[in-house]
Every structure is written in structure tokens, then in C-alpha cells.
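# Below is the structure, and that's it, no one-letter string:
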């Protein structure tokens with residue numbers, strides 16, 4: 001994984017040094033050993049990166065070290081890059097006052113970014129929150145007025161290692177304590193392999209709700225980011241992941257549906273396999289998933305990738321509510337802004353169709369991928385209350 005972006009990583013690591021060292025370190029440091037000391041963090045990160053790549057950074061056992069490396073890498077590179085950019089702009093001015101202002105601003109941004117990265121790694125990744133949402137529909141059956149669904153998504157359970165195994169218990173306790181009528185999981189249970197679930201089965205089995213636990217597959221659940229000697233071995237790992245979800249008592253919906261009944265009324269929970277834009281897998285079969293479903297039924301669709309809503313759900317169906325994940329809100333959000341908004345039109349929270357009759361809800365997810373960090377886009381459980389629109 002890291003090998004694919006090694007050029008980018010080295011550029012982010014070395015380019016800020018190419019500015020800071022000649023402008024500040026070389027000019028203002030007389031002793032050579034002190035000058036050399038400046039490059040120590042860079043050299044340590046390069047050694048760390050080589051060690052992680054050499055150990056096969058896709059292995060579940062290596063994933064915690066990948067996360068630690070990424071946080072250390074960003075904690076060094078981001079502050080230096082911000083300072084170099086802001087201070088570099090300041091040096092375009094002839095005024096010494098202007099240069100000083102930009103220099104101070106660059107230092108402040110550097111310290112702020114370092115604080116955010118540390119906060120997100122040590123605290124934010126485990127700052128689990130509950131987002132309460134009430135969604136109104138004209139066609140909701142009367143007996144389901146007030147029906148509560150607990151949605152969680154993007155667990156990426158392999159990240160909960162290295163001292164954070166207890167977080168999985170905390171997540172299960174948090175979901176169960178909401179006492180919802182149904183629990184749904186909208187994909188990405190693992191990072192790369194089914195073996196990441198080793199040791200977590202006992203806790204995941206405890207998830208329970210009166211109408212059951214329903215789940216779908218996300219792009220990370222198809223073992224696409226690992227190299228396997230044969231395609232059959234990859235498929236076998238995917239089958240193992242499916243088997244484990246069934247063994248937890250979850251209703252894994254692979255282009256299928258289930259009917260939930262209440263005193264003569266009913267709603268339908270539909271689940272599709274991951275249906276994303278390239279490079280993500282597109283394995284969803286919505287017509288198959290809706291087979292046998294009455295057109296007038298109130299339908300809830302579980303589809304991991306939110307782009308599916310605009311691409312197929314809205315133009316081809318009358319599904320009232322779609323529940324997705326996938327975006328993580330970029331794992332970083334301040335004042336309602338996240339860089340992920342430039343990738344996805346819908347990326348967090350509830351969205352209404354143009355005619356006002358159908359909705360999409362995107363969970364920020366409860367885990368983390370690539371590196372264990374969250375700031376602003378806190379890991380969340382969504383508690384959705386369905387209400388009849390009078």
C-alpha cells in the first residue's frame with residue numbers, strides 16, 4: 001500500500017526541508033552537528049517507512065504500525081509544509097514587518113496542525129458519539145411511526161489493535177444501549193482481510209435488536225487490497241468474511257431483502273453488495289435485491305457507497321430511505337467543511353431528493369482507515385427515528 005505512494009510520501013517529506021534548511025537552519029546554526037540534527041526526524045521516518053513496507057503493510061498484524069507511521073509522518077510533514085508555504089509567501093514582500101507577520105502565522109498554523117493530529121490520534125479516534133436524526137415520510141405505515149434504526153458503518157475492525165481492542169466492546173455497548181428496533185451495518189467491516197476479525201467475534205455477537213441486525217458489504221470487504229496467489233484464495237477470504245457475519249447472527253443481505261412486520265403493516269429492508277464508481281467494485285444488483293417486493297411498500301435500502309443513490313436508486317426506484325457510509329467525512333471536518341466534499345456530492349448526514357419524497361443518510365462511520373485519526377468527523381452511531389409526515 002505505502003509502496004504505491006512512496007514518491008508522494010518522499011516529496012511531502014523532503015520538499016519542506018528543501019526550503020526550511022537553507023533559509024533558517026543553515027544560516028542560523030553555526031555547528032554542523034546541530035544542522036545534521038535537524039534531519040533526524042526525516043531519517044527516522046524513512047527508516048520506519050522502509051521497515052513497514054518490508055514487513056508487508058497489508059497484513060493485519062502490520063496494520064497498527066502502518067497507522068502509527070502515518071500519524072508520525074503527518075505530525076512531522078504537515079506542520080513543516082504549512083510553515084514553509086506561509087513563510088514562503090511572506091518572503092515575497094519587501095517589508096520586514098510583513099515577513100514577520102507571515103512567519104508568525106506560519107508557526108501558529110504549524111503548531112495548530114500538530115495539536116489537531118495529536119488530538120485526533122489520542123482522543124478523537126475513540127470519541128464515539130450518537131447522532132440522533134428524525135426523518136419524515138408521507139408513505140410510512142402507521143404502525144412504524146416512531147420506528148428506530150441504529151445505523152453504524154465503516155468499522156474497519158483491523159484498526160482496533162495496539163491497545164484499542166476495548167473500543168469494539170464500547171461500540172457494541174453504545175449501539176445496544178440505544179434500544180432501537182433494528183440495527184443496520186452499512187459496510188466495510190475490515191480493512192483488508194477476514195482474519196482482522198480474530199478476537200472480536202464474541203463482542204460482535206452481542207449486537208441485538210428486536211427486529212434483528214442487518215448488514216451489507218463495503219468495498220474493503222472484498223479483499224481487493226491484498227495480493228493473493230490466486231483469485232480462488234481471494235474469493236475464499238471473502239466467503240470467510242460472509243460466514244463470520246452470519247455466525248454473529250447478522251442478516252447479511254447480498255442483493256436480498258427482508259420484510260419486517262408490525263400488526264399488519266410492514267416495511268422492507270433491502271441490501272445490495274457494494275455499488276461504487278471506479279475504482280471501487282460495482283457488484284450491486286438492485287433489481288435482484290428488490291425481487292418480490294411490492295411497489296407500494298415502504299423500503300429502506302442499505303448501500304455502502306452513497307454515489308449509488310444518484311446513479312441508480314433515484315432514477316430507477318421509489319425507495320424511500322437509503323442508508324450509506326463509505327466517506328468517513330474524510331475523518332476530518334471543521335465548521336461543516338471537509339476535503340471529502342470535493343470528491344462526493346453527498347458525504348455526511350441526511351439529503352432530500354428534488355421532489356422531497358426520498359432521503360439518503362450517510363453515516364460518518366465508527367472506525368478509521370489508513371490511519372487511526374478523527375477530528376470533527378467524530379466516529380458515530382446514527383439513531384434514525386422514522387416518523388409519518390402529517
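Ah, there it is. Everything quoted here is computed from the prediction, not taken from an experiment.
# quick one, what contacts residue 80?
The neighbourhood of residue 80, defined by CB atoms under 8 Å, 6 or more residues apart in numbering, consists of 16-17, 20, 110. For every residue, glycine as well, the C-beta is placed using N, CA and C.
# same thing but 10 Å
12-13, 15-17, 19-20, 41-42, 106, 110, 113-114 (CB atoms under 10 Å, 6 or more residues apart in numbering).
# Emit the PyMOL select command for whichever of the residues you listed are buried.
Paste this into PyMOL to select the buried members of the contacts of residue 80, with burial taken from 16 or more other CB atoms under 10 Å:
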select buried, resi 12+13+16+17+19+20+41+42+106+110+113+114
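# so how far is residue 276 from residue 326?
8 Å (CB to CB, to the nearest Å).
# Between these two, which contacts overlap?
Common contacts of residue 326 and residue 276 (CB under 10 Å, 6+ apart): 218-219, 303-308.
# related to what we said a few turns ago, could you point out which of the contacts of residue 80 is nearest to residue 384?
Distances from residue 384 to those, taken as CB to CB, are shortest for residue 113 (34.5 Å).
# quick check, the closest one in a strand?
No - the assignment for residue 113 is helix, going by DSSP: H, G, I helix; E, B strand; the rest coil, so no strand is present there.
# My guess is it contacts residue 82. True?
Yes - assessed by CB atoms under 10 Å, residue 113 is found in contact with residue 82 at 5.7 Å.
# Helices of the stretch 251-390 of the chain, start to end?
If DSSP state H, counting those that start in this stretch is used as the criterion, the helices of the stretch 251-390 of the chain fall at 286-289, 307-308, 314-316.
# Flag every buried residue along the last one.
Translated: helix 314-316. By neighbour count with 16+ other CB under 10 Å, helix 314-316 contains the buried residues residue 314.
# Need the outlier residue of this protein, farthest from its centre.
residue 30 (46.9 Å; CA atoms, centre = their mean).
# Is it in a helix, a strand, or coil?
The local conformation at residue 30, judged by three-state DSSP, is coil.
# Tell me where the model's unsure across this structure.
Regions of the chain meeting the criterion pLDDT under 70 cover residues 1, 56-58.
# Just give me the residue right at the centre of the chain.
Centre-nearest of the chain using CA atoms, centre = their mean is residue 328, 3.3 Å out.
# Contact partners for it?
With contacts defined as CB under 10 Å, 6+ apart, the neighbours of residue 328 are 153-154, 156, 188, 338, 340, 347-348, 362-370, 374, 377, 379.
# same check, this time on residue 287
For residue 287, the contacting residues are 255, 312, 316-317, taking CB under 10 Å, 6+ apart as the criterion.
# List just the nearest of the residues you listed to residue 97.
Of all the contacts of residue 287, residue 312 has the smallest distance to residue 97: 58.0 Å, by CB to CB.
# what about the spatially closest residue to the closest one that is not a sequence neighbour, how many neighbours?
What sits nearest to residue 312 in space, not counting adjacent residues and going by CB to CB, 6 or more residues apart in numbering, is residue 286, at 5.9 Å. Burial measure for residue 286: 19 neighbouring residues, criterion other CB atoms under 10 Å.
# Residue 286 reaches residue 317, doesn't it?
Yes - the criterion here is CB under 10 Å, and residue 286 meets it with residue 317 at 6.7 Å.
# list residues touching both of these two?
Here residue 286 and residue 317 have 270, 301 as joint contacts, going by CB under 10 Å, 6+ apart.
# ok, residue 326 and residue 276, which is more surrounded?
residue 326 (27 against 20).
# Am I right that residue 61 is in contact with residue 52?
No - under the criterion of CB under 10 Å, residue 61 is not in contact with residue 52, lying 11.7 Å apart.
# higher neighbour count, these two?
Here residue 61 and residue 52 are compared on neighbour count by other CB under 10 Å; more neighbours surround residue 52, at 20 against 12.
# Just give the number of residues close to residue 50.
Residue 50, neighbours per other CB under 10 Å, totals 12.
# any idea how far the helix or strand where it lies is from the chain center?
Here residue 50 is covered by helix 40-54, with elements defined by DSSP states H and E. With CA atoms, centre = their mean, to the nearest Å as the basis, the distance from the averaged C-alpha position of helix 40-54 to the chain average is 26 Å.
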